[in-house]
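>>> got a sequence here, can you model it:
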Amino acid sequence: MSYIVNNRVFVTDDYRNSFEERFRQRAGEIEHQPGFIAMRILRPQGNQAPYVVETEWESQQAFRDWVGSEDFQRAHANPMPKEAFLEGGGLEQFEVIIEAHR
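Numbering: from 1, shown residues only. Model (predicted):
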């Protein structure tokens, strides 16, 4: 089974477009990382909900290897200003134990 990492990010209204564009034009090449399966950027549909940056990996070790990689460093080298974000959110990590598909 796979390993899912969700980063919940509360973004202020003024920075929503910039936040989304960063992922469209990101410096990293996560698609080429060993053990990478998928990435989804989920836009909130409610006023109180955060963005969710979801990545799927073959294993926890594949995720950890990416966090220690040069690609990760490049992708996080130029962060958005602190005023772009609200309090809350954070990183969540899950091991998939049951999966169903259409």
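>>> next, the buried residues of the helix or strand bottoming out on mean pLDDT in the chain.
The least trusted helix or strand in the chain, going by mean pLDDT, DSSP states H and E, turns out to be helix 70-75, with a mean of 90. Neighbour counts over helix 70-75 (16 or more other C-beta atoms under 10 Å) mark 71, 75 as buried. C-beta here means a position set from N, CA and C on the backbone, and glycine is covered the same way.
>>> from memory residue 39 sits against residue 57, does it?
No. The criterion here is C-beta atoms under 8 Å, and residue 39 misses it with residue 57 at 10.0 Å.
>>> those two: who's more crowded?
residue 57 (22 against 14; other C-beta atoms under 10 Å).
>>> could you check how far that one is from residue 89?
Using C-beta to C-beta, to the nearest Å, residue 57 is found at 20 Å from residue 89.
>>> ditto for residue 98
26 Å.
>>> what do you get for residue 13?
Distance from residue 13 to residue 89, by C-beta to C-beta: 16 Å.
>>> ok, the two, which is more surrounded?
residue 89 (17 against 7).
>>> which residues touch the spatially closest residue to that one that is not a sequence neighbour?
Distances taken as C-beta to C-beta, 6 or more residues apart in numbering place residue 8 nearest to residue 89, at 3.9 Å, with adjacent residues excluded. With contact set as C-beta atoms under 8 Å, 6 or more residues apart in numbering, residue 8 has these partners: 50, 51, 52, 88, 89, 90, 91, 92.
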